[in-house]
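**Student:** how would this look folded up:
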Amino acid sequence: PPDIRRQPEAWFRHFDRNGNGLEKHEVVDAVARTFSGVDRSSLRELLDNIWPLFDVDGSGSISMREFIKRDGLRDTLLAQLGDASPPAAHRNSAPAGRVPMGVPMGTPLVVLGSPTGRPGGAAPGGAPCPPAAP
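**Tutor:** Residues are numbered from 1 along each chain as shown. Just a heads-up that it's a prediction; the model follows:
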């Protein structure tokens, strides 16, 4: 597939085979095919938690605009994937645990690179984001 970081529109079109936007199950499949080592169950849990933030029109699918806009679904997925083993030449330099501005503080997030899907010592379902520094 095209590189999600360098060619986000091409990546989106590659996985949006029917042209109606990406549905949640299509995003799970696309991310799992793009990044090795991603736990599908944890990814589904993450998407269940954040989907309403990005599917702003409530259509059930993510449009190209909802995907590629600043702090959209693409940016959030890349931030959450951290070290989920993308192709070596394109490793994400964003620190693991970074939360884009579009995700409200306190939103439970899933650590996709972790075998349990949770940060060490966190309650099931992920840990809330820490409050912003003053």
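**Student:** could you pull out the strands for this structure?
**Tutor:** For the chain, applying DSSP state E gives strands covering 22-23, 61-62.
**Student:** need those strands in TSV (columns: mean pLDDT, mean neighbour count and distance to residue 10).
**Tutor:** All C-beta spots, glycine's among them, are computed from the backbone N, C-alpha and C. Output for the strands of the chain, formatted as TSV (pLDDT from 0 to 100; neighbours: other CB atoms under 10 Å; distance: least, CB to CB, whole Å):
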stretch	mean pLDDT	mean neighbour count	distance to residue 10
strand 22-23	96	20	13
strand 61-62	96	22	16
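**Student:** next, format the ones you listed as CSV and append distance to residue 80.
**Tutor:** Output for the strands of the chain, formatted as CSV (distance: least, CB to CB, whole Å):
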stretch, distance to residue 80
strand 22-23, 16
strand 61-62, 15
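**Student:** in the chain, where is pLDDT below threshold?
**Tutor:** Within the chain, the ranges that satisfy pLDDT under 70 run 83-134.
**Student:** how does it look with 90?
**Tutor:** Applying pLDDT under 90 to the chain picks out residues 36-37, 56-57, 81-134.
**Student:** wait, residue 62 touches residue 53, no?
**Tutor:** No - counting by CB atoms under 8 Å, residue 62 does not reach residue 53; the two are 10.6 Å apart.
**Student:** from residue 2, how far off is residue 20?
**Tutor:** Distance, residue 20 to residue 2, by CB to CB, to the nearest Å: 19 Å.
**Student:** which one's more surrounded, the two?
**Tutor:** Comparing residue 20 with residue 2 by neighbour count (other CB atoms under 10 Å), the higher total belongs to residue 2, at 15 against 12.
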